[in-house]
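*Asks:* coords please:
(chains A and B)
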Amino acid sequence: MHPNDLSNYNLPDAKGHFGAYGGVYVAETLMAALDELNREYEKAKADPAFFDEYRYELKHYVGRPSPIYHAKRWSEIIGGAQIYLKREDLNHTGAHKINNTIGQALLARRMGKRRVIAETGAGQHGVASATVAARYGMECVVYMGSEDVKRQSPNVFRMKLLGATVIPVESGSKTLKDALNEAMRDWVTNVDSTFYILGTAAGPHPYPMLVRDFQAVIGEESKVQMKEMAGRQPDAVIACVGGGSNAIGMFYPYVGEQGVRLIGVEAGGDGVATGRHAAPLTAGRPGVLHGNRTYLMQDENGQIIETHSISAGLDYPGVGPEHSYLKDIGRAEYTSANDTEALEAFHELCRYEGIIPALESSHALAHAKKMAQNMEKDAILLVNLSGRGDKDIATVADVSGISL
Amino acid sequence: MLMHALVAGGADIIELGIPFSDPMADGPVIQRSSEVALNKGMSLSKVLNAVSEFRKSNSYTPIVLMGYANPVEAMGYKAFAERAAAVGVDGVLSVDLPPEEAAEFVAILKAKAIAPIFLVSPTTPASRLKVIGEMAEGYVYYVSLKGVTGSANLDTDAVKLRLAALRQHISVPIGVGFGIRDEASAKAIANFADAVVIGSRMIEEIEANPADPATGLQTFTGRIRDAVHQARS
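*Replies:* Next up, the predicted model:
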């Protein structure tokens, strides 16, 4: 396929590669489990009943389709392009994460696995996993860095209410990447009984493909809804990128639509120039971590370095391999918004639209604002509002010097 | 130096770990040792220097470097292989480079006469055993259990059965590791394996004797060597 002709875009290849990225970089013990998962997923894809059930659950349990909302007042105040929001924040459990956990839980059930495990950073994927485990009657264990357990105690309690066991991870930087390491170790040990519900479009093949396919409903709905609402597709779609699952879910159905720019916004933390950020596509270089080749935050010796972001969900040193590929071929563009810019957009959406956005999604909003200012009033930007910000109010109060 | 203590205790081959920030396949002991090493400024480059230093007084004990792909990638496969060959490394085991992703690296290693060592696990199907058997040189490292390094659920009988099956596809010697902690488990495994591999338990020995790790390590290695010899006699 010529990289400029994306009408037949059909990656990854059979071995899980997106060009130079992706693949299966894991220890031998997991190879058979990943092969099995890949085979079972291919079978499920060929079985109409599987996706019928998935869609039924999305409609009746999650509340899809999520609406698209024209943020008229905020657009007016910014004074440029019209900003539309894809309202993933209105999903059951408050974020896009549930689209994926339902898909993977249905797959787990098909494979006869009664125990599911998950890693989580901010706790959104942990909550979405605990939710589906309760829904389908499965045992659920969630690994969460002990730093994140402290930062996100309401989500820890939510998971426990839903019947999950939350295991704090004390190794490394005690955050998302270490939770992922620990979940992999659990999976290696309990591989016969256990299904690993990976939360983002990263990890070894087939996870980047699997998660993307389950999140693609975001972009598929958007294509229909934009036509209905605005009579055309947006000039650009914008999404925040941590591991990159909400972004790839939005981008993938738009890859072949050459008129639509795809823009991913990474966490700039204190500013990319300070080195204290979580923006591997903007400022990292390719390497191998967590089962795939992709852009990483690493030092000159190939050790993974600590990331910084106000939003726990973007605090990850890698990124899904498909984003690395889309960056290299120039189909998608990646930039960053720092903590201050994200907070400003957070407050503006609260005050002008009555929507409290997740801090993760606020990074996409911040970049949309920046772009909109320099565009005509008939231009259209579609932002994926990937989650709601209820979980973040303590963080926002904290940085504003308010005690709740 | 601790490597000399291992040789004095009777180790036939030394697997030397390259520390990595995210050792996904390792248990708590090796994770902790990686963290300690990195905090003290250890790096792949310094590991290679250590081999060079060791080779000044020992030219005969084979050394296998063991670790994860990213530090090696950061140095560059070619640059790494050249330096490794120059300092006297005999083999390399990259935990997260299965045969599917290892073709380029294996070719570069073989060009420098360094043996690519592969893992085989209880879950590896026959079709992949064949591929591994064709690519592997030196020896194959059989992971004795489903789990991470240093686990406690070793099933000797299962390992025995499995090794017989492995030998149909693999012609190089087979070492067995993960979960071997003492003379009894070493002796049991040595009854049918070509080598026993011990990692986490060695690190615990070092941790237990901060004032004089070499003596403890040499004594422990000696006990394991005696157990292995008993199994063979």
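*Asks:* And the residue of the stretch 301-404 of chain A that's closest to chain B?
*Replies:* Of all residues in the stretch 301-404 of chain A, the one sitting closest to chain B is residue A:302 (2.9 Å; C-beta to the nearest C-beta). Placement of C-beta: from N, CA and C, glycine included.
*Asks:* What is the neighbour count of that residue?
*Replies:* Look at residue A:302: counted by other C-beta atoms under 10 Å in any protein chain shown, it has 25 neighbours.
*Asks:* And the one 5 residues further on, by the same measure?
*Replies:* One way to gauge burial is a neighbour count; for residue A:307, by other C-beta under 10 Å, it gives 24.
*Asks:* For it, which non-adjacent residue is spatially closest?
*Replies:* residue A:278 (3.7 Å; C-beta to C-beta, 6 or more residues apart in numbering or on different chains).
*Asks:* Does the one you found touch residue A:242 like I think?
*Replies:* Yes: applying C-beta atoms under 8 Å, one finds residue A:278 in contact with residue A:242, separated by 7.0 Å.
*Asks:* show me what contacts the residue nearest to residue A:307?
*Replies:* A:242, A:266, A:267, A:269, A:297, A:307, A:308, A:309, A:314, A:315, A:316, A:317 (C-beta atoms under 8 Å, 6 or more residues apart in numbering or on different chains).
*Asks:* Out of these, which comes closest to residue A:131?
*Replies:* Nearest to residue A:131 among the contacts of residue A:278, counting by C-beta to C-beta, is residue A:242 at 20.1 Å.
*Asks:* I'd say the closest one and residue A:312 touch.
*Replies:* No: using C-beta under 8 Å, residue A:242 is not in contact with residue A:312, being 9.1 Å away.
*Asks:* Give me the common contacts of the two.
*Replies:* residue A:121.
*Asks:* Of the two, give the one with the bigger neighbour count.
*Replies:* More crowded of residue A:242 and residue A:312, by other C-beta under 10 Å: residue A:242, with 30 against 27.
*Asks:* From residue A:155, how far out is the closest residue to that one other than its chain neighbours?
*Replies:* Of all residues not flanking residue A:242 in the chain, residue A:314 sits nearest, at 3.8 Å (C-beta to C-beta, 6+ apart). Using C-beta to C-beta, to the nearest Å, residue A:314 is found at 16 Å from residue A:155.
*Asks:* what's the answer for residue A:215, then?
*Replies:* Distance, residue A:215 to residue A:155, using C-beta to C-beta: 20 Å.
*Asks:* Enumerate the residues of the stretch 201-350 of chain A near chain B.
*Replies:* A:287-291, A:296, A:298, A:300-305 (C-beta under 8 Å from any C-beta of the partner chain).
*Asks:* Of these, keep whichever come out buried.
*Replies:* Buried subset of those (neighbour count, 16 or more other C-beta atoms under 10 Å in any protein chain shown): A:287, A:288, A:289, A:290, A:291, A:296, A:298, A:301, A:302, A:303, A:304.
*Asks:* thinking again about what came up before, residue A:215 and residue A:155 - which one has more neighbours?
*Replies:* For residue A:215 and residue A:155, the more surrounded residue by other C-beta under 10 Å is residue A:215, and the numbers stand at 29 against 25.
*Asks:* so who does that one touch?
*Replies:* If you count contacts by C-beta under 8 Å, 6+ apart, then residue A:215 has A:96, A:99, A:100, A:201, A:245, A:246, A:248, A:249, A:250, A:252 around it.
*Asks:* do that again at 10 Å, thanks
*Replies:* Going by C-beta atoms under 10 Å, 6 or more residues apart in numbering or on different chains, residue A:215 touches A:88, A:96-97, A:99-100, A:103, A:200-201, A:244-252, A:384, A:386.
*Asks:* Restricted to helices, list the residues you listed.
*Replies:* Assigned to helices by DSSP state H, the following of the contacts of residue A:215 qualify: A:97, A:99, A:100, A:103, A:245, A:246, A:247, A:248, A:249, A:250, A:251.
*Asks:* Dump those residues to CSV, plus neighbour count and distance to residue A:231.
*Replies:* CSV is the format used below for the ones in helices among the contacts of residue A:215 (neighbours: other C-beta atoms under 10 Å in any protein chain shown; distance: C-beta to C-beta, whole Å):
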residue, neighbour count, distance to residue A:231
A:97, 32, 31
A:99, 26, 27
A:100, 29, 31
A:103, 26, 32
A:245, 28, 29
A:246, 33, 25
A:247, 37, 25
A:248, 33, 26
A:249, 29, 24
A:250, 29, 20
A:251, 28, 22
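*Asks:* ok so, going back, residues touching the residue of the stretch 301-404 of chain A closest to chain B, list them.
*Replies:* Residue A:302 is in contact with A:285, A:287-289, A:296, B:18, B:20-21, B:43-44, B:67-75, counting by C-beta under 10 Å, 6+ apart.
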